[in-house]
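K.L.:
sharing a sequence plus its predicted fold:
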Amino acid sequence: DAGVIQSPRHEVTEMGQEVTLRCKPISGHDYLFWYRQTMMRGLELLIYFNNNVPIDDSGMPEDRFSAKMPNASFSTLKIQPSEPRDSAVYFCASSLTPYGYTFGSGTRLTVV
Amino acid sequence: DAKTTQPTSMDCAEGRAANLPCNHSTISGNEYVYWYRQIHSQGPQYIIHGLKNNETNEMASLIITEDRKSSTLILPHATLRDTAVYYCIVRVAAGNNRKLIWGLGTSLAVNP
(Lines give C-alpha, C1' and ligand atoms only; values in the text may rest on other atoms or scores of the structure.)
Protein backbone atom coordinates (compact mmCIF):
# COMPACT_ATOMS: atom_id res chain seq x y z
CA ASP A 1 0.00 0.00 0.00
CA ALA A 2 1.29 3.46 -0.86
CA GLY A 3 0.02 4.93 2.39
CA VAL A 4 -1.88 8.19 2.67
CA ILE A 5 -1.06 10.37 -0.32
CA GLN A 6 -1.23 14.13 -0.12
CA SER A 7 -0.73 16.69 -2.84
CA PRO A 8 0.87 19.04 -3.41
CA ARG A 9 3.86 18.66 -1.05
CA HIS A 10 4.51 22.37 -1.13
CA GLU A 11 2.23 25.25 -2.04
CA VAL A 12 3.11 28.92 -2.18
CA THR A 13 0.27 31.28 -2.92
CA GLU A 14 -0.60 34.92 -2.64
CA MET A 15 -2.98 36.27 -0.06
CA GLY A 16 -6.54 36.18 -1.31
CA GLN A 17 -6.08 33.23 -3.61
CA GLU A 18 -7.96 29.97 -3.32
CA VAL A 19 -5.94 26.96 -2.17
CA THR A 20 -6.99 23.31 -2.52
CA LEU A 21 -5.20 20.53 -0.70
CA ARG A 22 -5.82 16.93 -1.69
CA CYS A 23 -5.72 13.61 0.11
CA LYS A 24 -6.07 9.98 -0.90
CA PRO A 25 -6.57 7.75 2.16
CA ILE A 26 -5.48 4.16 2.49
CA SER A 27 -7.92 1.88 0.68
CA GLY A 28 -10.43 0.37 3.10
CA HIS A 29 -9.94 2.96 5.82
CA ASP A 30 -13.26 4.47 6.84
CA TYR A 31 -12.04 7.48 8.82
CA LEU A 32 -10.24 10.47 7.36
CA PHE A 33 -8.77 13.37 9.30
CA TRP A 34 -7.41 16.80 8.40
CA TYR A 35 -4.85 18.34 10.77
CA ARG A 36 -2.93 21.59 10.77
CA GLN A 37 0.46 22.00 12.44
CA THR A 38 2.21 25.23 13.37
CA MET A 39 5.03 26.00 15.77
CA MET A 40 2.74 28.11 17.91
CA ARG A 41 -0.27 25.80 18.17
CA GLY A 42 1.14 22.34 17.48
CA LEU A 43 -1.12 19.74 15.87
CA GLU A 44 -4.76 20.75 15.61
CA LEU A 45 -7.59 18.59 14.32
CA LEU A 46 -9.61 20.55 11.78
CA ILE A 47 -12.25 18.02 10.70
CA TYR A 48 -12.80 14.32 10.36
CA PHE A 49 -15.03 12.08 8.28
CA ASN A 50 -16.49 8.63 8.77
CA ASN A 51 -17.64 6.82 5.64
CA ASN A 52 -17.38 10.10 3.73
CA VAL A 53 -19.65 11.96 6.18
CA PRO A 54 -18.23 14.83 8.26
CA ILE A 55 -18.44 13.89 11.94
CA ASP A 56 -16.73 16.78 13.71
CA ASP A 57 -15.76 20.06 12.08
CA SER A 58 -15.43 22.06 15.29
CA GLY A 59 -11.75 22.61 14.59
CA MET A 60 -12.27 24.38 11.30
CA PRO A 61 -11.04 27.89 12.08
CA GLU A 62 -13.58 29.89 10.08
CA ASP A 63 -15.82 29.93 7.05
CA ARG A 64 -12.86 30.40 4.76
CA PHE A 65 -12.07 26.73 5.34
CA SER A 66 -14.12 23.92 3.83
CA ALA A 67 -13.55 20.19 3.42
CA LYS A 68 -15.23 17.59 1.28
CA MET A 69 -15.04 13.86 0.81
CA PRO A 70 -16.96 13.00 -2.35
CA ASN A 71 -15.97 9.34 -2.20
CA ALA A 72 -14.00 6.88 -0.10
CA SER A 73 -10.75 7.49 -1.94
CA PHE A 74 -10.52 11.27 -2.09
CA SER A 75 -10.84 14.34 0.10
CA THR A 76 -10.09 18.03 -0.32
CA LEU A 77 -9.44 20.88 2.07
CA LYS A 78 -10.08 24.28 0.54
CA ILE A 79 -9.13 27.72 1.84
CA GLN A 80 -10.78 30.67 0.14
CA PRO A 81 -9.55 33.37 0.42
CA SER A 82 -6.19 32.42 1.89
CA GLU A 83 -4.39 34.61 4.44
CA PRO A 84 -0.78 34.66 5.67
CA ARG A 85 -1.87 33.24 9.03
CA ASP A 86 -3.02 30.09 7.23
CA SER A 87 0.63 29.23 6.57
CA ALA A 88 1.23 25.83 8.16
CA VAL A 89 1.78 22.17 7.40
CA TYR A 90 -1.51 20.42 6.69
CA PHE A 91 -1.69 16.69 7.33
CA CYS A 92 -4.25 14.17 6.23
CA ALA A 93 -4.60 10.87 8.11
CA SER A 94 -6.80 7.82 7.76
CA SER A 95 -7.70 4.88 9.98
CA LEU A 96 -9.74 1.73 10.09
CA THR A 97 -9.50 0.93 13.77
CA PRO A 98 -9.58 3.38 16.70
CA TYR A 99 -6.02 2.50 17.54
CA GLY A 100 -3.61 3.54 14.83
CA TYR A 101 -3.89 6.45 12.46
CA THR A 102 -1.70 6.64 9.35
CA PHE A 103 -0.59 10.12 8.38
CA GLY A 104 0.44 11.44 5.01
CA SER A 105 3.62 13.39 4.42
CA GLY A 106 1.81 16.71 4.65
CA THR A 107 1.41 19.81 2.51
CA ARG A 108 3.52 22.81 3.49
CA LEU A 109 1.43 25.88 2.70
CA THR A 110 2.96 29.34 2.54
CA VAL A 111 0.68 32.32 1.96
CA VAL A 112 2.54 35.50 1.10
CA ASP B 1 -6.59 20.81 26.24
CA ALA B 2 -4.18 17.91 26.32
CA LYS B 3 -4.74 15.59 29.26
CA THR B 4 -1.13 14.44 29.46
CA THR B 5 2.09 15.96 30.76
CA GLN B 6 5.46 15.14 29.23
CA PRO B 7 8.96 16.56 29.65
CA THR B 8 9.82 19.06 26.95
CA SER B 9 13.04 17.37 25.91
CA MET B 10 15.30 14.41 26.67
CA ASP B 11 18.64 13.08 25.55
CA CYS B 12 19.74 9.51 25.08
CA ALA B 13 22.97 7.85 23.99
CA GLU B 14 22.83 5.71 20.89
CA GLY B 15 22.42 2.04 21.76
CA ARG B 16 21.02 2.75 25.19
CA ALA B 17 17.38 2.45 26.25
CA ALA B 18 15.28 5.60 25.97
CA ASN B 19 12.61 5.87 28.66
CA LEU B 20 10.01 8.53 27.93
CA PRO B 21 7.61 9.31 30.78
CA CYS B 22 4.05 10.56 30.54
CA ASN B 23 1.72 11.69 33.29
CA HIS B 24 -2.01 11.22 32.79
CA SER B 25 -3.34 11.52 36.33
CA THR B 26 -6.94 12.25 35.25
CA ILE B 27 -7.26 9.26 32.94
CA SER B 28 -10.65 7.55 32.95
CA GLY B 29 -11.19 3.81 33.22
CA ASN B 30 -12.10 3.43 29.56
CA GLU B 31 -9.34 5.62 28.13
CA TYR B 32 -6.39 4.14 26.32
CA VAL B 33 -2.85 5.52 26.27
CA TYR B 34 -1.42 6.05 22.78
CA TRP B 35 2.08 6.95 21.68
CA TYR B 36 2.99 8.53 18.39
CA ARG B 37 6.20 10.08 17.18
CA GLN B 38 7.02 12.68 14.57
CA ILE B 39 10.35 12.70 12.84
CA HIS B 40 11.32 16.07 11.44
CA SER B 41 9.32 17.10 8.37
CA GLN B 42 7.24 13.92 8.39
CA GLY B 43 3.72 13.08 9.51
CA PRO B 44 3.21 11.53 12.95
CA GLN B 45 3.73 7.77 13.16
CA TYR B 46 1.76 5.43 15.42
CA ILE B 47 3.97 3.50 17.86
CA ILE B 48 1.90 1.63 20.41
CA HIS B 49 -1.16 1.80 22.66
CA GLY B 50 -2.39 0.16 25.85
CA LEU B 51 -5.17 0.15 28.42
CA LYS B 52 -3.97 -1.55 31.59
CA ASN B 53 -1.40 -4.16 30.74
CA ASN B 54 2.13 -3.57 29.56
CA GLU B 55 2.47 -3.87 25.81
CA THR B 56 5.36 -4.61 23.47
CA ASN B 57 5.71 -4.54 19.72
CA GLU B 58 8.55 -4.35 17.23
CA MET B 59 9.04 -0.65 17.87
CA ALA B 60 8.74 -0.18 21.61
CA SER B 61 7.40 -1.26 24.98
CA LEU B 62 4.72 0.54 26.96
CA ILE B 63 4.71 0.30 30.74
CA ILE B 64 1.53 1.54 32.47
CA THR B 65 1.50 1.94 36.24
CA GLU B 66 -1.03 -0.04 38.24
CA ASP B 67 -3.06 3.08 39.07
CA ARG B 68 -2.84 4.08 35.36
CA LYS B 69 -1.87 7.63 36.26
CA SER B 70 1.39 7.46 34.35
CA SER B 71 3.18 5.44 31.71
CA THR B 72 6.61 5.05 30.16
CA LEU B 73 7.50 4.39 26.54
CA ILE B 74 10.69 2.40 26.22
CA LEU B 75 12.84 2.27 23.11
CA PRO B 76 15.16 -0.58 24.09
CA HIS B 77 18.13 0.26 21.87
CA ALA B 78 17.81 3.80 20.62
CA THR B 79 19.33 4.71 17.26
CA LEU B 80 19.94 8.07 15.64
CA ARG B 81 16.80 7.49 13.57
CA ASP B 82 14.74 7.53 16.76
CA THR B 83 15.41 11.25 17.16
CA ALA B 84 11.90 12.71 17.03
CA VAL B 85 9.10 14.35 18.99
CA TYR B 86 7.16 11.73 20.97
CA TYR B 87 3.50 12.34 21.80
CA CYS B 88 1.56 10.65 24.60
CA ILE B 89 -2.23 10.84 24.14
CA VAL B 90 -5.19 9.45 26.05
CA ARG B 91 -8.62 8.85 24.58
CA VAL B 92 -11.58 6.54 24.65
CA ALA B 93 -11.26 3.88 21.97
CA ALA B 94 -14.92 3.20 21.42
CA GLY B 95 -17.82 4.75 19.66
CA ASN B 96 -17.64 7.35 16.95
CA ASN B 97 -15.35 9.80 18.73
CA ARG B 98 -11.98 9.58 17.04
CA LYS B 99 -10.61 12.91 18.25
CA LEU B 100 -6.99 12.88 19.42
CA ILE B 101 -5.87 15.86 21.51
CA TRP B 102 -2.17 16.45 20.89
CA GLY B 103 0.10 18.10 23.43
CA LEU B 104 3.57 19.43 22.74
CA GLY B 105 5.30 16.08 23.22
CA THR B 106 8.86 15.26 24.23
CA SER B 107 11.67 16.08 21.85
CA LEU B 108 14.07 13.13 22.07
CA ALA B 109 17.61 13.60 20.83
CA VAL B 110 19.63 10.40 20.37
CA ASN B 111 23.31 11.25 20.43
CA PRO B 112 26.16 9.23 18.90
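P.N.:
Okay, I see it.

K.L.:
tell me the contacts of the residue in chain B positioned nearest to chain A?
P.N.:
In chain B, the residue that lies nearest chain A is B:G43 (3.0 Å; C-beta to the nearest C-beta). C-beta here means a position set from N, CA and C on the backbone, and glycine is covered the same way. Contact partners of B:G43, counting by C-beta atoms under 8 Å, 6 or more residues apart in numbering or on different chains, are A:V4, A:F91, A:A93, A:F103, A:G104, A:S105, A:G106.

K.L.:
if we check chain B, which of these are in contact?
P.N.:
A:V4, A:F91, A:A93, A:F103, A:G104, A:S105, A:G106 (C-beta under 8 Å from any C-beta of the partner chain).

K.L.:
of all these, which comes closest to chain B?
P.N.:
Ranking the ones next to chain B among the contacts of B:G43 by separation from chain B, with C-beta to the nearest C-beta as the measure, puts A:F103 on top at 3.0 Å.

K.L.:
and the closest one, how far from A:Y35?
P.N.:
From A:F103 over to A:Y35 the distance is 8 Å, taken as C-beta to C-beta, to the nearest Å.

K.L.:
now the most centrally placed residue in chain A. Nearest residue, chain neighbours left out?
P.N.:
Nearest residue to the geometric centre of chain A (C-alpha atoms, centre = their mean): A:W34, 3.4 Å. Closest residue in space to A:W34, ignoring its immediate chain neighbours: A:L46 at 4.4 Å, by C-beta to C-beta, 6 or more residues apart in numbering or on different chains.

K.L.:
can you tell me the element the one you found falls in?
P.N.:
Of the helices and strands defined by DSSP states H and E, A:L46 is found in strand A:42-50.

K.L.:
repeat that for B:E58.
P.N.:
Using DSSP H and E, B:E58 maps to neither a helix nor a strand.

K.L.:
and B:H40, that's in a strand?
P.N.:
No - per DSSP: H, G, I helix; E, B strand; the rest coil, B:H40 lies outside any strand segment and is coil.

K.L.:
my guess is it contacts B:R81. True?
P.N.:
No - using C-beta atoms under 8 Å, B:H40 and B:R81 do not qualify as a contacting pair, with a distance of 11.1 Å.

K.L.:
hang on, the earlier thing: quick check: the residue of chain B closest to chain A vs A:S73, distance?
P.N.:
In this structure, B:G43 and A:S73 are separated by 19 Å, where distance is defined by C-beta to C-beta.

K.L.:
ok, now A:Q17?
P.N.:
Taken as C-beta to C-beta, the spacing of A:Q17 relative to A:S73 amounts to 27 Å.

K.L.:
please apply the same query to A:C23.
P.N.:
According to C-beta to C-beta, A:C23 and A:S73 sit 10 Å apart.

K.L.:
who has more neighbours, the two?
P.N.:
Comparing A:C23 with A:S73 by other C-beta atoms under 10 Å in any protein chain shown, the one with more neighbours is A:C23, at 25 against 15.

K.L.:
that one in helix, strand or coil?
P.N.:
Assigned state for A:C23: strand (three-state reduction, three-state DSSP).

K.L.:
for it, which non-adjacent residue is closest in space?
P.N.:
Counting by C-beta to C-beta, 6+ apart, the nearest residue to A:C23 once its immediate chain neighbours are dropped is A:C92, at 3.4 Å.
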